[in-house]
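**Student:** show me how the following folds:
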Amino acid sequence: MTPEEYKQLSIREFTEAARAYDSDHAGIYEMCRDDYPQMLAELEKEPFDAVLDVGCGTGAVLALLHEKYPDGRYVGLDLTPEMIEVARTKVAPGMEFVVGDAENLPFDEASFDAVLCSNSFHHYPNPAAFLAGALRVLRPGGRLILRDYTSSDPVVWLMNHVELPLARLVGHGDVRVLRQREFVELAQAAGFEVLAMEAQKGFRAHLVARRPRNVAVLKHIKV
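**Tutor:** Sure, this is the predicted structure:
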(Lines give C-alpha, C1' and ligand atoms only; values in the text may rest on other atoms or scores of the structure.)
Protein backbone atom coordinates (compact mmCIF):
# COMPACT_ATOMS: atom_id res chain seq x y z
CA MET A 1 0.00 0.00 0.00
CA THR A 2 1.10 3.57 -0.65
CA PRO A 3 1.28 6.19 2.12
CA GLU A 4 -1.79 7.90 0.70
CA GLU A 5 -3.74 4.64 0.72
CA TYR A 6 -2.91 4.11 4.39
CA LYS A 7 -4.07 7.63 5.18
CA GLN A 8 -7.32 7.21 3.30
CA LEU A 9 -7.97 3.99 5.23
CA SER A 10 -7.44 5.89 8.49
CA ILE A 11 -9.79 8.67 7.41
CA ARG A 12 -12.52 6.16 6.54
CA GLU A 13 -11.98 4.27 9.79
CA PHE A 14 -12.20 7.31 12.04
CA THR A 15 -15.00 8.97 10.09
CA GLU A 16 -17.11 6.00 11.11
CA ALA A 17 -15.78 6.04 14.68
CA ALA A 18 -16.04 9.78 15.35
CA ARG A 19 -19.61 10.06 16.60
CA ALA A 20 -19.29 7.20 19.08
CA TYR A 21 -15.66 7.87 20.02
CA ASP A 22 -16.41 9.66 23.30
CA SER A 23 -19.21 7.32 24.33
CA ASP A 24 -19.24 4.10 26.32
CA HIS A 25 -20.03 2.27 23.07
CA ALA A 26 -16.78 3.04 21.23
CA GLY A 27 -15.56 -0.57 21.22
CA ILE A 28 -11.80 -0.93 20.81
CA TYR A 29 -11.35 2.85 20.91
CA GLU A 30 -12.38 3.00 24.57
CA MET A 31 -8.90 1.75 25.51
CA CYS A 32 -7.44 5.02 24.18
CA ARG A 33 -8.74 6.75 27.30
CA ASP A 34 -6.35 4.67 29.39
CA ASP A 35 -3.48 6.77 28.01
CA TYR A 36 -4.84 10.13 29.18
CA PRO A 37 -3.76 10.02 32.86
CA GLN A 38 -0.18 8.95 32.12
CA MET A 39 0.19 11.51 29.35
CA LEU A 40 -1.12 14.38 31.45
CA ALA A 41 0.93 13.34 34.48
CA GLU A 42 4.05 13.41 32.30
CA LEU A 43 3.15 16.81 30.86
CA GLU A 44 2.66 18.29 34.33
CA LYS A 45 6.22 17.46 35.40
CA GLU A 46 7.40 20.72 33.77
CA PRO A 47 5.79 24.13 33.17
CA PHE A 48 3.93 24.62 29.88
CA ASP A 49 1.81 27.25 28.17
CA ALA A 50 1.28 25.99 24.62
CA VAL A 51 0.48 22.35 23.81
CA LEU A 52 -0.10 20.61 20.46
CA ASP A 53 -1.94 17.28 20.41
CA VAL A 54 -1.23 15.41 17.14
CA GLY A 55 -3.83 12.81 16.23
CA CYS A 56 -6.10 14.57 18.71
CA GLY A 57 -9.27 12.69 17.74
CA THR A 58 -12.26 14.35 19.35
CA GLY A 59 -10.10 16.63 21.50
CA ALA A 60 -10.64 14.87 24.82
CA VAL A 61 -7.08 15.37 26.12
CA LEU A 62 -7.06 19.08 25.35
CA ALA A 63 -10.49 19.50 26.90
CA LEU A 64 -9.13 17.97 30.12
CA LEU A 65 -6.13 20.28 30.00
CA HIS A 66 -8.25 23.36 29.42
CA GLU A 67 -10.52 22.47 32.32
CA LYS A 68 -7.53 22.30 34.68
CA TYR A 69 -5.36 25.05 33.13
CA PRO A 70 -7.77 27.45 31.37
CA ASP A 71 -5.12 30.08 30.56
CA GLY A 72 -3.06 27.84 28.27
CA ARG A 73 -3.01 27.62 24.47
CA TYR A 74 -4.15 24.24 23.20
CA VAL A 75 -4.11 23.13 19.55
CA GLY A 76 -5.33 19.80 18.24
CA LEU A 77 -4.61 18.35 14.80
CA ASP A 78 -6.21 15.31 13.20
CA LEU A 79 -6.31 13.88 9.69
CA THR A 80 -10.03 13.06 9.84
CA PRO A 81 -12.40 16.02 9.32
CA GLU A 82 -15.23 14.28 11.18
CA MET A 83 -13.05 13.94 14.28
CA ILE A 84 -12.22 17.65 14.17
CA GLU A 85 -15.89 18.50 13.71
CA VAL A 86 -16.67 16.70 16.97
CA ALA A 87 -13.63 18.25 18.68
CA ARG A 88 -14.81 21.75 17.78
CA THR A 89 -17.90 21.23 19.92
CA LYS A 90 -15.48 21.37 22.88
CA VAL A 91 -13.80 24.64 21.82
CA ALA A 92 -13.25 27.24 24.53
CA PRO A 93 -11.00 30.34 24.62
CA GLY A 94 -7.42 29.28 23.96
CA MET A 95 -8.39 26.09 22.11
CA GLU A 96 -8.13 25.43 18.38
CA PHE A 97 -8.67 22.31 16.26
CA VAL A 98 -7.18 21.87 12.79
CA VAL A 99 -7.59 19.26 10.05
CA GLY A 100 -4.09 18.34 8.97
CA ASP A 101 -1.44 15.70 8.37
CA ALA A 102 0.85 14.64 11.23
CA GLU A 103 3.66 14.20 8.70
CA ASN A 104 3.39 17.84 7.54
CA LEU A 105 2.61 19.94 10.60
CA PRO A 106 1.22 23.36 9.54
CA PHE A 107 2.70 25.37 12.42
CA ASP A 108 5.61 27.77 12.84
CA GLU A 109 8.92 26.72 14.31
CA ALA A 110 9.21 26.87 18.10
CA SER A 111 5.47 27.33 18.64
CA PHE A 112 4.84 24.83 21.46
CA ASP A 113 6.18 23.78 24.85
CA ALA A 114 4.94 20.22 24.37
CA VAL A 115 3.74 17.95 21.56
CA LEU A 116 1.46 15.09 22.58
CA CYS A 117 0.79 12.01 20.45
CA SER A 118 -1.40 9.27 21.87
CA ASN A 119 -2.35 6.05 20.09
CA SER A 120 -1.88 7.61 16.68
CA PHE A 121 1.77 6.98 15.76
CA HIS A 122 1.19 3.47 14.36
CA HIS A 123 -1.06 5.03 11.69
CA TYR A 124 1.78 7.13 10.21
CA PRO A 125 3.35 5.75 7.00
CA ASN A 126 6.39 8.00 7.55
CA PRO A 127 6.91 8.37 11.31
CA ALA A 128 10.29 10.02 10.76
CA ALA A 129 8.53 12.92 9.03
CA PHE A 130 6.26 13.39 12.03
CA LEU A 131 9.20 13.37 14.43
CA ALA A 132 11.10 15.92 12.33
CA GLY A 133 8.04 18.16 12.32
CA ALA A 134 7.50 17.74 16.05
CA LEU A 135 11.09 18.76 16.71
CA ARG A 136 10.67 21.83 14.50
CA VAL A 137 7.48 23.13 16.16
CA LEU A 138 8.79 22.60 19.70
CA ARG A 139 10.56 25.41 21.52
CA PRO A 140 14.14 24.65 22.64
CA GLY A 141 13.78 22.45 25.71
CA GLY A 142 10.21 21.50 24.74
CA ARG A 143 9.06 17.91 25.05
CA LEU A 144 7.47 15.26 22.89
CA ILE A 145 5.27 12.89 24.92
CA LEU A 146 4.27 9.90 22.82
CA ARG A 147 2.28 6.80 23.72
CA ASP A 148 1.60 4.00 21.29
CA TYR A 149 1.53 0.23 20.97
CA THR A 150 4.59 -1.90 21.64
CA SER A 151 5.53 -5.17 23.31
CA SER A 152 8.29 -7.76 23.23
CA ASP A 153 9.91 -8.33 19.85
CA PRO A 154 8.01 -11.60 19.13
CA VAL A 155 4.65 -10.02 19.97
CA VAL A 156 5.40 -6.96 17.82
CA TRP A 157 6.27 -9.32 14.95
CA LEU A 158 2.88 -11.03 15.33
CA MET A 159 1.11 -7.66 15.44
CA ASN A 160 2.78 -6.50 12.23
CA HIS A 161 2.49 -9.76 10.30
CA VAL A 162 -0.88 -11.08 11.51
CA GLU A 163 -3.01 -8.62 13.48
CA LEU A 164 -2.47 -5.45 11.42
CA PRO A 165 -2.95 -7.06 7.99
CA LEU A 166 -6.25 -8.48 9.24
CA ALA A 167 -7.21 -5.07 10.62
CA ARG A 168 -6.54 -3.47 7.24
CA LEU A 169 -8.78 -6.03 5.56
CA VAL A 170 -11.71 -4.77 7.66
CA GLY A 171 -10.93 -1.12 6.96
CA HIS A 172 -8.47 -0.01 9.64
CA GLY A 173 -5.56 2.26 8.75
CA ASP A 174 -2.89 0.75 11.01
CA VAL A 175 0.55 0.79 9.39
CA ARG A 176 3.17 -0.61 11.75
CA VAL A 177 3.87 -1.17 15.45
CA LEU A 178 7.42 -0.36 16.56
CA ARG A 179 9.74 -2.26 18.83
CA GLN A 180 10.93 -0.38 21.90
CA ARG A 181 14.39 0.36 20.57
CA GLU A 182 12.93 1.65 17.29
CA PHE A 183 11.15 4.46 19.12
CA VAL A 184 14.47 5.53 20.62
CA GLU A 185 16.38 5.22 17.35
CA LEU A 186 13.84 7.21 15.35
CA ALA A 187 13.59 9.96 17.96
CA GLN A 188 17.36 10.29 18.20
CA ALA A 189 17.74 10.28 14.42
CA ALA A 190 15.28 13.20 14.27
CA GLY A 191 17.47 15.14 16.69
CA PHE A 192 15.66 14.58 19.98
CA GLU A 193 17.29 13.92 23.32
CA VAL A 194 15.45 10.87 24.66
CA LEU A 195 14.56 11.32 28.33
CA ALA A 196 12.58 8.14 28.89
CA MET A 197 11.41 5.08 27.00
CA GLU A 198 9.36 2.50 28.86
CA ALA A 199 7.16 -0.41 27.92
CA GLN A 200 4.14 -0.07 30.19
CA LYS A 201 1.10 -2.23 30.79
CA GLY A 202 -1.54 -2.44 28.12
CA PHE A 203 1.06 -2.97 25.34
CA ARG A 204 2.06 0.68 25.61
CA ALA A 205 5.27 2.47 24.74
CA HIS A 206 5.82 5.65 26.76
CA LEU A 207 8.39 7.90 25.11
CA VAL A 208 9.50 11.30 26.40
CA ALA A 209 11.99 13.27 24.31
CA ARG A 210 13.25 16.84 24.34
CA ARG A 211 14.21 19.33 21.66
CA PRO A 212 17.84 20.01 22.61
CA ARG A 213 18.92 23.11 24.46
CA ASN A 214 22.32 24.17 25.76
CA VAL A 215 22.41 22.03 28.91
CA ALA A 216 23.01 18.29 28.97
CA VAL A 217 20.05 16.10 29.84
CA LEU A 218 20.27 12.94 31.92
CA LYS A 219 18.76 10.08 29.98
CA HIS A 220 16.75 7.26 31.54
CA ILE A 221 16.09 4.70 28.82
CA LYS A 222 14.60 1.26 29.46
CA VAL A 223 14.76 -0.88 26.34
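**Student:** please make it C-alpha for all contacts and neighbour counts, starting now.
**Tutor:** Will do.
**Student:** lowest-pLDDT helix or strand in this structure?
**Tutor:** None of the helices or strands of the chain scores lower by mean pLDDT, DSSP states H and E than strand 220-221, at a mean of 46.
**Student:** does anything pack onto the longest helix anywhere in the chain? Which helices or strands?
**Tutor:** Among the segments of the chain that qualify as a helix by DSSP state H, the longest is helix 3-17. For helix 3-17, the packing partners by 3 or more CA pairs under 8 Å, 6 or more residues apart in numbering; DSSP states H and E come out as helix 81-87.
**Student:** can you give me the mean pLDDT across the helix it packs on?
**Tutor:** Looking at helix 81-87 alone, the average pLDDT works out to 94.
**Student:** ok, and what's touching that helix?
**Tutor:** 14-15, 18-19, 57-60, 77-78, 97-99 (CA atoms under 8 Å, 6 or more residues apart in numbering).
**Student:** hang on, the earlier thing: so how far is the longest helix of the chain off the chain centroid?
**Tutor:** With CA atoms, centre = their mean, to the nearest Å as the basis, helix 3-17 stands 16 Å off its chain's centre.
**Student:** what do you get for stretch 88-99?
**Tutor:** Averaged over its C-alpha atoms, stretch 88-99 has a centre that lies 18 Å from its chain's centre (CA atoms, centre = their mean).
**Student:** give me the distance between the two termini of that stretch.
**Tutor:** Across stretch 88-99, the straight-line distance between its terminal residues is 11 Å, by CA to CA, to the nearest Å.
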